[in-house]
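Here's my sequence, what's the structure:
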Amino acid sequence: MNLAAIYHRTTDKYAYQLSDNELIINIETGYDVDKVYIHHGDPYLAGIMGGKEQWQGRKEEIFFKKREKTHIWWTTTLFPEFKRCKYYFEIVSGDETVFLFEDGFYTEEEMHRPGKVLSYFIYPWMNPVDTFRTPAWVNETIWYQIFPERFCNGDPSNDNEGTKPWKCEKITGYNDYYGGDLQGIINRFDHIKNLGITGIYLTPVFEADSNHKYNTTNYKKVDPHFGTNEKLKELVKLCHDNGIRVMLDAVFNHTGTDISMWQDVLTNGEMSKYKDWYMINEWPVDKKRDTKDKRFYSFAFTEMMPKLNTNNPEVREYLKDIVRFWMKEFDIDGLRFDVGNEISHRLLQELRIMCKDIKPDFYLLGEIWHDATPWLLGNEYDAVMNYPLSTAISNYWIYPEWDSVEFEYGVNRSFTMYMQQANDVMFNLLDSHDTNRLIDKVQDKDIFYQQLAVLYTMPGSPCVYYGTEIVMPGSYDPDCRRCMPWDDIDAGKYDEEIEELKKLIRLRKNHKAARSRNFHFPGNVGDSRTVEYIKLWGDSCISVILNCGDKPVEIPPEICYKNILYSRHYEAGVLQPKGILINAMT
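Prediction:
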């Protein structure tokens with residue numbers, strides 16, 4: 001047995017409270033393991049002290065498992081009667097059996113050696129206050145990301161000097177303005193609502209001297225080119241009146257250079273009362289091309305974005321005051337934290353306590369592109385932008401030689417990284433203002449919809465970037481931020497594409513199984529390039545089949561039900577290359 005492949009600990013994703021009564025236990029093994037049992041019970045069932053205790057626990061087989069590339073992930077849910085749990089594992093590989101305790105592996109003879117003190121795994125107490133609780137509404141939300149400057153120009157009177165005529169053209173200039181604003185979003189609200197969207201994520205809307213607004217000048221003032229604070233309140237109210245949540249972008253890793261604190265630093269140097277609000281290493285703070293000389297820290301060496309010192313209690317109080325203002329003045333439902341992995345853990349912990357006190361179901365989302373375990377332990381973010389999932393999905397089509405099991409490995413890795421309650425509200429996306437657009441990645445409209453079908457049938461909360469409904473093109477920043485072609489949309493040029501996205505959104509909204517965290521890959525259909533997975537919720541389930549190969553695939557009669565929820569290139573039991581078939585199986 002490959003003991004080096006077996007791992008468990010009583011922390012984070014391996015042992016945690018799913019609810020006040022449910023305890024999740026996960027263990028990793030190699031592929032040589034045939035069965036895993038857990039022996040569990042209350043630590044004090046056999047008494048305490050005295051030297052005569054003979055604790056045994058109840059033996060249960062762990063049945064649920066997910067395959068990753070080099071490991072199997074075994075999962076069970078326990079319901080400790082007395083809120084405590086003591087346990088160890090019995091692991092079987094062929095004729096070999098070992099027992100895993102906190103201090104290592106033992107054979108049965110070694111485990112029962114006279115005088116041996118066994119180091120059991122202990123989950124000491126399931127305190128309700130320690131249960132990681134995420135907002136339930138997020139799992140049911142269909143997000144739509146808007147880059148306001150390019151969505152719609154609704155009020156030309158607030159245009160910037162030099163604003164270009166509205167046109168959906170290839171963007172080559174980083175400093176171009178087209179006049180998009182909050183009134184434009186209000187004017188086009190019916191378009192968003194009719195798609196079936198139930199959540200809007202706005203990139204920054206507060207004052208800044210850029211089209212993207214990630215270099216904030218005033219955190220409490222909507223940028224004049226976007227409108228006013230009252231206009232933002234109007235938009236949020238309109239959304240709420242129509243059952244749509246609103247999430248803003250919190251740019252707390254850095255500020256712009258025009259903000260009053262940084263201007264004070266430039267004016268007063270080391271005598272500035274704000275000198276410790278930033279991370280300055282050399283004085284004076286001279287203007288140069290970038291910050292690779294380390295004279296001060298900034299976002300990605302960008303001089304126009306000096307990095308805030310969120311270790312400083314004054315800075316933390318300042319930022320908490322801003323969030324309180326946003327929540328109480330605008331009644332927002334969530335925040336996405338830009339560069340969410342560079343902000344201090346202390347600030348995020350304090351913000352979580354404050355935000356959940358004001359609005360218990362407030363959504364805290366971090367922009368983190370890598371393994372975010374330290375931020376998803378229940379005391380900081382609710383979720384992160386699920387770039388590992390988008391990478392796993394994208395990779396499968398990038399490598400046409402891969403077997404479908406590689407798709408399974410990638411998806412399973414994405415959903416074994418964190419606790420289940422975080423997976424339920426993960427922000428799933430395939431592109432954004434920071435990436436090239438989806439159609440630019442795949443270069444094929446059929447693959448475009450195959451990947452969207454995956455997005456809308458995964459656990460978590462799906463988000464599409466504005467323009468996805470019309471298969472909008474766009475390469476990397478700044479070209480991924482093109483203007484919406486409203487004249488063409490109004491003329492019906494994109495009706496077919498818009499209806500296609502609506503179908504997927506209706507599927508997601510109408511079938512709980514599409515949103516469920518429970519799924520498996522039976523692998524019964526087609527050849528090695530046919531992706532098949534089953535989503536389950538209670539007694540209902542849906543089947544998702546994608547033909548990613550170059551030959552037609554016959555769908556077995558037992559799968560080919562009449563209740564087709566969504567399909568492309570499917571007819572009479574045959575799924576053509578690049579086709580999609582999603583069935584209800586109840």
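
hmm, who's touching the top helix by length along the chain?
Longest helix in the chain by number of residues (criterion: DSSP state H): helix 313-330. Residues outside helix 313-330 that contact it (C-beta atoms under 8 Å, 6 or more residues apart in numbering): 219-220, 229, 232-233, 236, 246, 248, 250, 252, 276-277, 308-310, 332, 335, 344, 346-347, 350-351, 354-355, 358-359, 362. Where you see a C-beta, it was placed from the backbone N, CA and C, and this is true even at glycine.

If we go by neighbour counts, what in it is buried?
Residues 315-316, 318-320, 322-323, 326-327, 330 are the ones in helix 313-330 that count as buried (16 or more other C-beta atoms under 10 Å).

how far is that helix from where the chain is centred?
24 Å (C-alpha atoms, centre = their mean, to the nearest Å).

what about dumping the CA coordinates of that helix to PDB?
Once non-C-alpha atoms are left out, helix 313-330 reads as follows in PDB (Å, rounded to 0.1, in the frame of the first residue of the first chain):
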ATOM      1  CA  PRO A 313      -5.200  49.900  12.500                       C
ATOM      2  CA  GLU A 314      -6.000  53.400  11.300                       C
ATOM      3  CA  VAL A 315      -6.200  52.200   7.700                       C
ATOM      4  CA  ARG A 316      -8.400  49.200   8.800                       C
ATOM      5  CA  GLU A 317     -10.800  51.600  10.600                       C
ATOM      6  CA  TYR A 318     -10.800  53.900   7.500                       C
ATOM      7  CA  LEU A 319     -11.700  51.000   5.200                       C
ATOM      8  CA  LYS A 320     -14.300  49.600   7.600                       C
ATOM      9  CA  ASP A 321     -16.000  53.000   7.700                       C
ATOM     10  CA  ILE A 322     -16.200  52.900   3.900                       C
ATOM     11  CA  VAL A 323     -17.800  49.500   3.900                       C
ATOM     12  CA  ARG A 324     -20.300  50.600   6.500                       C
ATOM     13  CA  PHE A 325     -21.100  53.700   4.400                       C
ATOM     14  CA  TRP A 326     -21.600  51.600   1.200                       C
ATOM     15  CA  MET A 327     -23.900  49.100   3.000                       C
ATOM     16  CA  LYS A 328     -26.000  51.600   4.800                       C
ATOM     17  CA  GLU A 329     -26.200  54.300   2.100                       C
ATOM     18  CA  PHE A 330     -26.600  52.000  -1.000                       C
END
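
Check which helices and strands whatever helix or strand comes next after it sits against.
Sequence order places strand 334-337 as the next helix or strand after helix 313-330, per DSSP states H and E. Applying 3 or more C-beta pairs under 8 Å, 6 or more residues apart in numbering; DSSP states H and E, one finds that strand 334-337 makes contact with strand 245-250, strand 363-366.

Tell me the helix or strand right after the shortest one.
The helix or strand immediately downstream of strand 363-366 is strand 383-384, counting by DSSP H and E.

buried set for the helix or strand following that following strand?
Sequence-wise, the next helix or strand downstream of strand 383-384 (DSSP H and E) is helix 387-398. Of all the residues in helix 387-398, those buried under the rule 16+ other C-beta under 10 Å are 387-390, 392-394, 396-397.

Between those, which sits nearest Arg67?
Set against Arg67, the nearest of the buried residues of helix 387-398 by C-beta to C-beta is Ala392 (13.5 Å).

Counting residues, which strand of the protein comes out longest?
strand 574-584 (DSSP state E).

Residues contacting it, please?
444, 446-447, 449-450, 453, 457, 507, 511, 526, 540-555, 559-561, 563-570.

partners of it in the sheet?
The partner list of strand 574-584 in its sheet, established with DSSP bridges, is strand 540-547 (antiparallel), strand 553-554 (antiparallel), strand 564-571 (antiparallel).

Need the winner for burial among those.
strand 540-547 (a mean of 23; mean count of other C-beta atoms under 10 Å).

how much does that one deviate in direction from helix 387-398?
Relative orientation of strand 540-547 versus helix 387-398 (axes from the mean of the first three to the mean of the last three C-alpha atoms, to 10 degrees): 40 degrees.

which outside residues touch strand 540-547?
450, 453-454, 457, 511-514, 525-526, 529-535, 553, 555, 559, 565, 569, 575-586.

Tell me how far stretch 395-415 lies from the chain's centre.
Its chain's C-alpha centre and that of stretch 395-415 lie 18 Å apart, by C-alpha atoms, centre = their mean.

same question but for stretch 103-121, I mixed them up
41 Å.

list the buried ones in that stretch?
Residues of stretch 103-121 classed as buried by neighbour count (16+ other C-beta under 10 Å): 106, 120-121.

Could you list the residues in contact with it?
3, 6, 8, 10, 15, 43, 55, 86-88, 97-99, 101-102.

can you rerun that using 6 Å?
With contact meaning C-beta atoms under 6 Å, 6 or more residues apart in numbering, stretch 103-121 is reached by 3, 10, 86-88, 98-99, 101-102.

about what we covered before: now the buried members of the contacts of helix 313-330.
By 16+ other C-beta under 10 Å, the contacts of helix 313-330 give 219, 232, 236, 246, 248, 250, 252, 277, 308-310, 332, 335, 344, 347, 350-351, 355, 362 as buried.

Now do the strands in the stretch 101-250 of the chain.
In the stretch 101-250 of the chain, the segments counted as strands under DSSP state E, counting those that start in this stretch are 104-106, 121-123, 143-146, 199-202, 206-208, 216-222, 245-250.

Return the most buried member of these.
Note that of the strands of the stretch 101-250 of the chain, strand 199-202 is the most buried (mean count of other C-beta under 10 Å), with a mean of 24.

just how off-centre is that strand within its chain?
So, by C-alpha atoms, centre = their mean, the centroid of strand 199-202 is 14 Å from its chain's centroid.

and that strand, what other elements does it pack with?
strand 143-146, strand 245-250 (3 or more C-beta pairs under 6 Å, 6 or more residues apart in numbering; DSSP states H and E).

mind giving me JSON lines with those strands and columns for mean pLDDT and distance to Trp369?
Converted to JSON lines, these look like this (pLDDT from 0 to 100; distance: least, C-beta to C-beta, whole Å):
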{"stretch": "strand 143-146", "mean pLDDT": "98", "distance to Trp369": "16"}
{"stretch": "strand 245-250", "mean pLDDT": "98", "distance to Trp369": "16"}
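
closest one to Leu266 among those strands?
Using C-beta to C-beta, the helices and strands packed on strand 199-202 put strand 245-250 closest to Leu266, at 24.6 Å.

And for the helix or strand Arg346 falls within, what's in contact with it?
Following DSSP H and E, one finds Arg346 within helix 345-358. The set of residues external to helix 345-358 that reach it, using C-beta under 6 Å, 6+ apart, is 310, 316, 320, 327, 362, 379-380.
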